[in-house]
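Novice: Sequence and predicted model, in that order:
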Amino acid sequence: MVFSGLITALVAALCCAPGVMLSNGNASLPGQRLAFGAMSLILVLLITAIAGIALNFMFGISIPAWSIMPVAIVILGAVIMRQRRASSGKADSPATARGEWQAAMFAVLFAVFGLFTHWLGVTELDDGSLAVHAWFNADWFKHLGHVSALANYGVPAKDIFQGGEPLYYYWLFYLLPGAVVSLGASPWTALIAVNVLCSGLLAALLYYTIRIACAHRMMALVIAIAAVFVCAPVIYVGYIFSAELIQQVMTMADPPKGPPLLAMAQYIPQHALAVIAYLAWLVLYQPGSQISSSAKWFALIAFAAIMTISVLLGAMLLAAYGLQRLWDGRGKAVPELSAMVVLSGLLVLILGVVQISDPSSAIASPLLTDPADPQPLLARIFTNVAKLVGGLGLPFIAALVVLVKWKPDGERALFARNTCIALFAACFVAAIAGEAVMTERLAKELLIRAINLPPIGIALIGGALLSFYWARGGRTRTLSGVAIAVFILAALPSTIFRTAWHANIGDAYTTIIPADDRKVLAALREQSLPTDQVWQYPEPPFLNEISGDDNWTAIIAGRTVPASLRATNYGRAAPVIAQATEYFSGSSEAIPETVNWVYLSRKLHPETYDPIATRLTSDATWNQRECYADACLFERSVTPIQ
């Protein structure tokens, strides 16, 4: 873990260096240097991805994930030369604002909370098995597979869940942990380290975003800490007074709902990076900024990549950005917005987030299809709005009242209000439009992401109001403190229940990877080549309609399987999944010639484990490499067709 942390810090620092250098003379306000660094990180990932895709198109080669390092060095050199030329023609430039320790403190607290949740939800049992609770056994498992894919295949991204075919997914984020893995770290620890990095960046930039509207550092810190968990359901307040009700909450079929922003520190770092891009834009473009034209486009090009980081959340954040720019700049903003729309759309196509010839291929899997909701459209829309309002809790209601009556008294307060309105509008319009035009599953996914937008606006409003009323002193100061306390106390039970739920090891939301399987998967990773293909039972993921334990070959061993329900071209994957199902059910002995290894698990296919193991042991085509009572690994003795 220490090694992964050091490598991640080194790689991230190098990727952020061009932006930090560019901030000299362009970062006159608090947090802008950090914002430039965050945009630089994204830009380096983007340029590396485009370079890899271009080289693959022209010469049929892939570049390793660690190529982000030389790319960062080249960009850094270009920025240094540009800064020297710019400084030679200037008498002076604005002083660069220093960082504030409150931002660092909040970043550490938020990152530590994420690590604490991981400690609760991922546990090694006494018998050597690994217990993984939701949603680490869902989102985190998927991340692990894609990280290994970038480390194994390089750029352009390949699908480790589908025979190394092109990956049709928003994969740009995974290039960073993939680079760390390609330098020697393990996928799991690299993902933890990058998750900590993203958590810290998000928290620090949220603090600096609040500082736009709040002149007092300590008040901004209080609002930042409160903002990540006060927007939460209040229904759990009544449960804390009864041990029986607490037990009921912790064992419900549906897990307790918690503050949406807290998940950003837990198991969705790709979405956290998208929010980081948006917050960095807010910090850079706040009133009073003195940013050169070249620095502006440096940041905007990075921001345009947001949908290649998280396509649905990125689209909503781009919509919020667009609404605010139109509000602030009116007609003058149209050229910039037009360029951003075109560039964002092109990047989605260039990076293969969707397959141009078959845009629905990545969502055709049963894993991503839900049964149709029989309710009328208006009823479904009302349900979505009710879920959003209920999930955001009391602060959202208070923010709506404030927005109706608030008359901002300055540029910064006006910026805060407009940001809040843009975020609220993007959230609710997306939730309503998604229900009207998207499939059931996509509409559900859109709603899950949309709820992350309002807390940012609410935090800005909270910072502005607290700064205003605290300065007036007396009774208003007391009332401000009481209001914050009420919001915190109302949301605290939801936060506690949701966090504690991750520790329910052994419940229906837990995946157990047996000790024998872990040993075999470790041997597979050690003995096989990075791009070898492995034949394993096509176990469905946890979030499938019928929950499964997922594809451990791709997730734990980091090796490619010919097909699975996570495949992003399901039409091509389905026949191979059927073939694997027949093989592991005992009705077929055919194994694709591209397969190098066979992984057997009593946990995944108990009825056929012994017969298949016996047959492979006596088959000269296969050599037994690692075998235990409940898991076994075989390698093909004849080189397969590639």
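Specialist: Yes, it's here. Residues are numbered from 1 along each chain as shown.

Novice: alpha carbons only for contacts and neighbour counts from here, please
Specialist: OK.

Novice: wait, is Gln624 part of a strand?
Specialist: Yes - looking at Gln624 with DSSP: H, G, I helix; E, B strand; the rest coil, it is inside a strand.

Novice: which ones are touching it?
Specialist: For Gln624, the contact set (C-alpha atoms under 8 Å, 6 or more residues apart in numbering) comprises Leu616, Thr617, Cys632, Leu633, Phe634, Glu635.

Novice: Which pLDDT value belongs to the third one?
Specialist: Cys632 is assigned 98 on the pLDDT scale.

Novice: Could you look up the SS state of it?
Specialist: Under three-state DSSP, Cys632 comes out as strand.

Novice: what is it paired to in the beta sheet?
Specialist: Applying DSSP bridges to Cys632 yields these beta-bridge partners: Leu600, Cys627.

Novice: pretty sure it contacts Val520?
Specialist: Yes - in this structure Cys632 lies within contact range of Val520 using C-alpha atoms under 8 Å: 6.4 Å.

Novice: overlap in contacts of the two?
Specialist: Shared contacts of Cys632 and Val520 (C-alpha under 8 Å, 6+ apart): Tyr599, Glu626.

Novice: For the stretch 1-150 of the chain, which segments count as helices?
Specialist: 2-22, 32-59, 68-88, 101-121, 141-153 (DSSP state H, counting those that start in this stretch).

Novice: Contacts for stretch 65-76, please.
Specialist: The contact list for stretch 65-76 (C-alpha under 8 Å, 6+ apart) reads 11, 14-15, 17-18, 21, 44-45, 47-48, 150-151, 154-155, 175-176, 178-180, 182-183.

Novice: ok, now stretch 171-181?
Specialist: Residues contacting stretch 171-181 (C-alpha under 8 Å, 6+ apart): 4, 7-8, 11-12, 45-46, 49, 64-68, 143, 146-151, 157, 187, 190-191, 194, 270, 273, 308-309, 353.

Novice: Could you pull up the mean pLDDT of it?
Specialist: Averaging pLDDT along stretch 171-181 yields 98.

Novice: quick check, distance from it to the centre of its chain.
Specialist: Its chain's average C-alpha position is 12 Å from that of stretch 171-181, according to C-alpha atoms, centre = their mean, to the nearest Å.

Novice: hey, C-alpha coordinates of it in CSV?
Specialist: Below are the C-alpha coordinates for stretch 171-181, written out as CSV (Å, rounded to 0.1, in the frame of the first residue of the first chain):
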residue,chain,number,x,y,z
TRP,A,171,-12.6,4.9,-19.4
LEU,A,172,-10.4,8.0,-19.2
PHE,A,173,-10.2,8.0,-15.3
TYR,A,174,-8.9,4.4,-15.3
LEU,A,175,-5.7,5.5,-17.1
LEU,A,176,-4.3,7.0,-13.9
PRO,A,177,-4.5,3.9,-11.7
GLY,A,178,-3.7,1.8,-14.7
ALA,A,179,-0.4,3.7,-15.1
VAL,A,180,0.3,3.1,-11.4
VAL,A,181,-0.3,-0.6,-11.9
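
Novice: Now do the buried residues in it.
Specialist: The neighbour-count check on stretch 171-181 (16 or more other C-alpha atoms under 10 Å) flags Trp171, Leu172, Phe173, Tyr174, Leu175, Leu176, Pro177, Gly178, Ala179, Val180, Val181 as buried.

Novice: Repeat that for stretch 370-382.
Specialist: Buried residues in stretch 370-382, counted by 16+ other C-alpha under 10 Å: Arg380, Ile381.

Novice: Between the two ends of it, what distance do you get?
Specialist: End-to-end span of stretch 370-382 (C-alpha to C-alpha, to the nearest Å): 19 Å.

Novice: So which residues make contact with it?
Specialist: Against stretch 370-382 from outside (C-alpha under 8 Å, 6+ apart): Ala431, Ile432, Glu435, Ala436, Glu440, Arg441.

Novice: if we go to 10 Å?
Specialist: 383-388, 428, 431-436, 439-442, 444, 544-545 (C-alpha atoms under 10 Å, 6 or more residues apart in numbering).
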